[in-house]
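Engineer: Show me how the following folds:
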Amino acid sequence: MSVPGYRDTPARPWDAHSPVDPDEAAEFLELFHSEQETGGGARERIARVRDEIAATGTYAHTYAELVFGARVAWRNASRCIGRLYWRSLVVRDLRKVTAPAEVFDELVRHLRLAGQRERHVIRPVISIFAPNAPGRPTVRLWNDQLVRYAGHRHADGTVVGDPRYVQFTETLQQHGWRGKPDDPFDVLPLAIEAPDGTVSLHELPEDAVWEVSIEHPEQRWFAELGLRWYALPAIANMRLTIGGVDYPLAPFNGWYMGTEIGARNLADHDRYNLLPLIAHRLGLDTSTERTLWKDRALVELNRAVLWSFDQAGARISDHHTESERFLAHVASEERSGRPVPADWSWIVPPMSASTTGVFHRYYPEADQRPGFYLDPDARELGRRGRSPVPAPAARCPVAHGERPSPLPRPRPVPALIPPVRPATPDVAVAPVAASDVAQVPGQRRGWLTRLRRRSSSMGV
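Structural biologist: So this is what the prediction gives:
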C-alpha cells in the first residue's frame, strides 16, 4: 500500500480498536506470494484470511509471512539509509510472550543476540511480540530505545547525562528508580506497562549493554573526557504493521552510522553539546564562527567515534560508505521494479552532506506497507513516560452522605505467631497523563562544567 506525502506521522491515525482491513491483508498476501514465488496459493490464503477477519476482526500470520513482512518493512523504511541489508534481518517470533517479566527476559536476549561482544558481532534483529487485536490490550514498552542514558537534573538546575531524557528520568524516579545521579552515561531501566496499566521497571544486566569508550587516534586527552556510547541502537517504540495487523511492540536494531553518535547524540546543543569543550581542548579560536571551529571539532569527534568502535570490534559505518551503499540499494530495487521511498532530510548525513552521493538527488516520498510507524502517544511515552497515580485521599464517608460499611468481625489470632511487617508498596502502579511531568529546561551546565574547569586548570 502506498500513500503519497508520508512525512512525520502516519498517513492515517492508528485506531487500536478497529478490525483489520481485509483489502490491506489481501494486498500484502499477494505481495508475499509474488515475491516468494510460492507457486500459487494466494487466492486460497486470502479467502481464509477474509473469513478469519470477518469472524474475529483480525487474523494470524504464518511464520513465513511474519518474516517476509518484517523484512519488507525495513525495505520500506523511508528514513533508514542502511536498507541494503534488509534480507539479512533476523526475525524472532515472540507472539506468545505476554507477561511483563517474560517480555523483559526476551528484550535482554535480543540485546545479547544482536550484539555479541565476545565475537565482535552486531547483526540486525527484530523481536516481534503479541499483535494488537480489537478488545485485547497488549504489553507496552515506554522506552524509545532498549538502551538510553538518563538525564539527572540536580537541585542547582544542572543536568548530568542526556538532557533529552530529563523528563523521562524524573518520571522513572517517581516510580521508584534512583540511578546514578553523577554518572553522565547512566543506563535507563526498561519501563514495561502491563495490559492492566501497572508499570514495572527492569534494570538491564551489564553484560547485555555493550558500551564503547570514546578515545581519539592521536589526541590522548580525549580519554580523559570519560566519554562512552552504547554499540547497539535498538528502536523500541515504533509500531510494525504487516498486512493490516499491527504489532505495537517490535523492537529492532541495525548498527550505527558514526554521525548518529558523533554529529548528533554527542554534538547537538540540546544533547551532550561537546563541541565547545573539544574545540577548547584542540586550542581552536572560538571567538567567531568564521574560524569554523565547530566544523573542525565535529570532524575530530566523529573520527574518535569511528576509531573507538573499530578498536572495540563494534560494527559501525561511516557516512560516505553508507551513502554509496544506499545508492547501490536504490539501483538494485529499481532493477526489480520497486520504488524506494526516502525522506531526503533523514537520508542525507548531518555532516559533509554535499560530499555524499545521496545529497545530489531526490527520492519519492510514499507510505509503503508493510512499515514502521511512530505514533504520537508512543513518542510522548518515550519522552515523558507517565507519572504514578497518587493514592486517593482519606475522607469521612458519613460527611459525603454515604453509609459506612459494617466493621468485619475480628478473627482469633494464634498466640505464638509474631506480627507481620507491612509489605513494601509496589512501584508498579497505574499511570496518569504525561502532562503532569515537569518541562525539560534548555541545555544546562553539569558534568561538562567540571571537565571544562579541569581543562582550564591544565592550561590548554
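
Engineer: For the rest of this, base every contact and every neighbour count on C-alpha atoms.
Structural biologist: Noted.

Engineer: Can you check the pLDDT for the closest residue to Trp14 other than its chain neighbours?
Structural biologist: Spatial nearest neighbour of Trp14, chain neighbours left out: Asp375 (7.5 Å); criterion: Cα to Cα, 6 or more residues apart in numbering. Asp375 is assigned 95 on the pLDDT scale.

Engineer: Thought Met238 was touching Asp375, still the case?
Structural biologist: Yes - counting by Cα atoms under 8 Å, Asp375 sits close enough to Met238 to count as a contact (7.2 Å).

Engineer: So which of those two has more stuff around it?
Structural biologist: Met238 (21 against 17; other Cα atoms under 10 Å).

Engineer: just checking, that one touches Glu380?
Structural biologist: No - applying Cα under 8 Å, one finds Met238 not in contact with Glu380, separated by 12.0 Å.

Engineer: show me the contacts for the most centrally placed residue in the chain.
Structural biologist: Note on the chain: the residue nearest the mean C-alpha position is Gln145, at 2.4 Å, using Cα atoms, centre = their mean. Residues counted as contacts of Gln145 (Cα atoms under 8 Å, 6 or more residues apart in numbering) are Pro233, Ala234, Ile235, Ala236, Asn237, Pro251.

Engineer: Return the closest of those residues with respect to Gly243.
Structural biologist: Closest to Gly243 out of those is Pro251 (18.4 Å), distances taken as Cα to Cα.

Engineer: ok, so what distance separates the closest one from Gly357?
Structural biologist: 30 Å (Cα to Cα, to the nearest Å).

Engineer: Likewise for Trp221?
Structural biologist: Counting by Cα to Cα, the gap from Trp221 to Gly357 is 34 Å.

Engineer: Between these two, which is the more surrounded one?
Structural biologist: Neighbours per residue, other Cα under 10 Å: of Trp221 and Gly357, the larger number sits with Gly357, 17 against 14.

Engineer: need the helix or strand of this protein with the lowest average pLDDT.
Structural biologist: In the chain, the helix or strand scored least confidently by mean pLDDT, DSSP states H and E is strand 2-4, which has a mean of 41.

Engineer: How is the residue nearest to Phe252 when sequence neighbours are not counted assigned, secondary-structure-wise?
Structural biologist: Leaving aside its chain neighbours, Phe252 sits nearest to Ile126 (4.1 Å; criterion: Cα to Cα, 6+ apart). Under DSSP: H, G, I helix; E, B strand; the rest coil, Ile126 falls in the strand class.

Engineer: Show me what counts as buried in stretch 37-49.
Structural biologist: Going by neighbour count (16 or more other Cα atoms under 10 Å), the buried part of stretch 37-49 is Ala42, Ile46, Val49.

Engineer: again, but for stretch 329-340
Structural biologist: Neighbour-count burial for stretch 329-340, with 16+ other Cα under 10 Å as criterion, is recorded at His329, Val330, Pro339, Val340.

Engineer: Stretch 219-232 too?
Structural biologist: Those would be Phe222, Leu225, Arg228, Trp229, Tyr230, Ala231, Leu232, for stretch 219-232 by 16+ other Cα under 10 Å.

Engineer: Tell me the one among those nearest to Ile192.
Structural biologist: Nearest to Ile192 among these, with distances taken as Cα to Cα, is Leu232, at 20.0 Å.

Engineer: The closest one touches Gly115, doesn't it?
Structural biologist: Yes - using Cα under 8 Å, Leu232 is in contact with Gly115, at 6.5 Å.

Engineer: and Gly371, what are its phi and psi?
Structural biologist: For Gly371, the backbone dihedrals (degrees, to the nearest 10) come out as phi -170, psi 170.

Engineer: before we move on, back to that, can the buried residues of stretch 37-49 go into CSV with extra columns for secondary structure?
Structural biologist: Compiled in CSV, the buried residues of stretch 37-49 are given as follows (three-state DSSP):
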residue, secondary structure
Ala42, helix
Ile46, helix
Val49, helix
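
Engineer: quick check, nearest of the residues you listed to Pro184?
Structural biologist: Nearest to Pro184 among the buried residues of stretch 37-49: Val49, at 50.7 Å, using Cα to Cα.

Engineer: So the residue lying closest to the closest one once chain neighbours are set aside: helix, strand or coil?
Structural biologist: Nearest residue to Val49, sequence neighbours excluded (Cα to Cα, 6+ apart): Tyr59, at 6.2 Å. With three-state DSSP as the basis, Tyr59 sits in coil.

Engineer: Closest to Ala73 out of the contacts of Gln145?
Structural biologist: For the contacts of Gln145, the nearest to Ala73 is Pro251 (12.7 Å; Cα to Cα).

Engineer: can you tell me how far the closest one sits from Ser332?
Structural biologist: 27 Å.

Engineer: what does Trp86 give?
Structural biologist: Taking Cα to Cα as the measure, Trp86 falls 12 Å from Ser332.

Engineer: Now do the buried residues in the longest helix belonging to the chain.
Structural biologist: Counting residues, the longest helix found in the chain (DSSP state H) is helix 293-312. For helix 293-312, the neighbour count (16+ other Cα under 10 Å) marks 293-294, 297-309, 312 as buried.

Engineer: Please apply the same query to stretch 314-330.
Structural biologist: 314-320, 322-323, 325-326, 329-330.

Engineer: so for it, what's the average pLDDT?
Structural biologist: Throughout stretch 314-330, pLDDT has a mean value of 98.

Engineer: Check stretch 155-163 too.
Structural biologist: For stretch 155-163, the mean confidence score works out to 97.

Engineer: Next up, the contacts around the nearest residue to Leu146 once chain neighbours are set aside.
Structural biologist: Spatial nearest neighbour of Leu146, chain neighbours left out: Ala234 (5.6 Å); criterion: Cα to Cα, 6+ apart. When contacts are counted by Cα under 8 Å, 6+ apart, Ala234 is found next to Gln145, Leu146, Val147, Pro251, Phe252, Asn253, Gly254.

Engineer: pLDDT weak spots in the stretch 251-400 of the chain?
Structural biologist: Filtered on pLDDT under 70, the stretch 251-400 of the chain yields the residue ranges 389-400.

Engineer: now the strands for it?
Structural biologist: 252-253, 256-257, 316-317, 366-368, 371-373 (DSSP state E, counting those that start in this stretch).

Engineer: highest average neighbour count across those strands?
Structural biologist: strand 252-253 (a mean of 26; mean count of other Cα atoms under 10 Å).

Engineer: Paired strands for that one, with orientation please.
Structural biologist: Strand 252-253 sits in its sheet next to strand 125-128 (antiparallel), strand 234-235 (antiparallel), going by DSSP bridges.

Engineer: export those to TSV and tack on distance to Leu66 and mean pLDDT?
Structural biologist: Compiled in TSV, these are given as follows (distance: least, Cα to Cα, whole Å; pLDDT from 0 to 100):
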stretch	distance to Leu66	mean pLDDT
strand 125-128	9	99
strand 234-235	19	98
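
Engineer: ranking these by burial, who's on top?
Structural biologist: Note that of the strands paired with strand 252-253, strand 125-128 is the most buried (mean count of other Cα under 10 Å), with a mean of 22.
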